[in-house]
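J.: Here is my input, please return the structure:
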Amino acid sequence: MTSRRVVLGDAVTVQITALGPLSIDGHAVEGSRLPALLLPLLLARGRVVPTGVLVDEVWEDAPPADPLGALQALVTRARRLGLTLTATAGGYRLDPTGLDVDLVTAQDLLAHARAALGAGDPTRAAEDATRAVTLWSADSTAPLDGPAGRLYRDLVALRVEATLASGAHLVPEALDHLRDAVRHLPTDEPLVELLMRGLVATGQESEALTVYARLRAHLRETYGTDPSALVARTHLALLRGELGTSGGSDRTGGSDGSSTPDRASTPDRTGGPGTSDPRSTPARPTPSPTTTPPTTPPTPAALLRRQTTPLVGRDADVAALER
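T.: Numbers count the residues shown, from 1 in each chain. Modelled structure (predicted):
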């Protein structure tokens with residue numbers, strides 16, 4: 001790729017590609033530590049990033065003997081690339097003036113998509129999320145770790161969620177991206193539940209059941225627990241044939257997307273909690289609202305919350321511990 005700088009008036013715009021291999025004006029940034037330093041600084045948009053956060057991002061659980069000195073050496077390398085990094089009392093900041101960063105563009109599109117979904121425009125939300133996902137380099141594997149990975153997973157999930165809420169056709173590529181995210185985080189229950197609904201919406205009920213079984217096995221092996229109430233409810237609706245195949249489930253509400261739920265791990269994804277509108281099967285008539293008072297279903301966040309259970313029948317054991 002050739003080097004290029006865009007001149008806007010008297011300002012020179014530095015082109016930074018951070019979605020995929022990091023490059024500055026078309027020149028690849030070698031190694032892994034310098035990109036790991038720059039990504040959180042770019043995402044901060046001129047705000048100070050604490051030194052401890054930067055050390056964790058660069059070296060994770062194996063910092064060097066002198067982390068501050070090693071971090072300073074990386075900052076010096078970054079300055080040689082033409083970037084303006086300033087040391088503060090608690091960390092470092094990267095001056096965003098004159099920087100054109102695709103990572104920041106993806107961030108903005110994610111914010112716009114969330115706002116659109118919260119405002120009842122799932123079609124616009126899906127379009128913005130799709131535009132952001134396509135910013136990742138076509139010749140590279142999208143990251144699933146670190147700040148860029150978290151951004152990518154949020155966009156992938158929001159794209160599917162908004163498409164389901166709009167009732168539009170869910171393209172195979174969108175589901176493939178979500179499958180990759182679930183493979184990377186097999187016990188992320190909101191991601192798994194969303195994948196199940198996406199599979200059902202595209203007529204792949206058998207795989208949706210397999211995805212649920214795989215989640216249950218992972219949870220029992222890793223944490224000794226069962227899937228949350230939210231996932232269990234979606235699984236039960238699948239078994240009863242209550243999940244639709246035209247763009248959503250009982251949690252997507254109408255085509256305006258106004259009742260699309262959040263992911264528990266990202267509470268602001270849709271701008272508000274969802275409500276459900278379960279569809280009845282022909283064999284089970286819907287009770288009349290005049291005879292049955294309406295009830296408000298629990299939000300997805302509440303369904304994902306695990307409640308503790310009291311110690312029942314263990315009085316003797318408790319008394320022995322208190323002696």
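
J.: show me where the stretch 101-250 of the chain has helices.
T.: 102-118, 122-133, 146-166, 172-184, 189-201, 205-222, 229-240 (DSSP state H, counting those that start in this stretch).

J.: What are the buried residues along stretch 51-61?
T.: Thr51, Val53, Leu54, Val55, Glu57, Val58 (16 or more other CB atoms under 10 Å). Backbone N, C-alpha and C define where each C-beta goes, glycine included.

J.: and the last one, that one's in a helix?
T.: The one in question is Val58. Yes: under the criterion used here (DSSP: H, G, I helix; E, B strand; the rest coil), Val58 sits inside a helix.

J.: now it: how far from Thr134?
T.: Val58 is 29 Å from Thr134, where distance means CB to CB, to the nearest Å.

J.: same question, the fifth one
T.: For Glu57, the distance to Thr134 equals 26 Å [CB to CB].

J.: next one: the third one
T.: Computed with CB to CB, the distance linking Leu54 and Thr134 is 30 Å.

J.: next one: the first one
T.: Thr51 sits 35 Å away from Thr134, going by CB to CB.

J.: which regions of the stretch 101-250 of the chain sit below the pLDDT cut-off?
T.: The model of the stretch 101-250 of the chain has pLDDT under 70 over residues 137-143, 244-250.

J.: By residue count, which strand of this protein is the longest?
T.: strand 11-17 (DSSP state E).

J.: Put the alpha carbons of that one into PDB.
T.: What follows is strand 11-17, C-alpha atoms only, in PDB (Å, rounded to 0.1, in the frame of the first residue of the first chain):
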ATOM      1  CA  ALA A  11      -4.100  20.700   7.900                       C
ATOM      2  CA  VAL A  12      -2.500  17.400   7.000                       C
ATOM      3  CA  THR A  13      -4.700  14.300   7.700                       C
ATOM      4  CA  VAL A  14      -2.800  11.200   8.800                       C
ATOM      5  CA  GLN A  15      -4.600   8.000   7.700                       C
ATOM      6  CA  ILE A  16      -4.600   5.400  10.400                       C
ATOM      7  CA  THR A  17      -5.900   1.900   9.800                       C
END
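
J.: I'd like to know which elements it is packed against.
T.: Packing contacts for strand 11-17, counted by 3 or more CB pairs under 8 Å, 6 or more residues apart in numbering; DSSP states H and E, involve strand 5-8, strand 23-24, strand 99-101, helix 102-118.

J.: how about these, which one is nearest Ala165?
T.: With CB to CB, the closest approach to Ala165 among the helices and strands packed on strand 11-17 belongs to helix 102-118: 6.9 Å.

J.: when you compare where the longest strand of the chain runs with where helix 102-118 runs, what's the angle?
T.: Following axes from the mean of the first three to the mean of the last three CA atoms, to 10 degrees, one obtains 80 degrees for the angle between strand 11-17 and helix 102-118.

J.: partners of strand 11-17 in the sheet?
T.: strand 5-8 (antiparallel), strand 23-24 (antiparallel), strand 99-101 (parallel) (DSSP bridges).

J.: Just the pLDDT for Arg45.
T.: Turning to Arg45, the model gives it a pLDDT of 89.

J.: That one: what's it in contact with?
T.: Taking CB atoms under 8 Å, 6 or more residues apart in numbering as the contact definition, Arg45 lies against Pro96, Val104.
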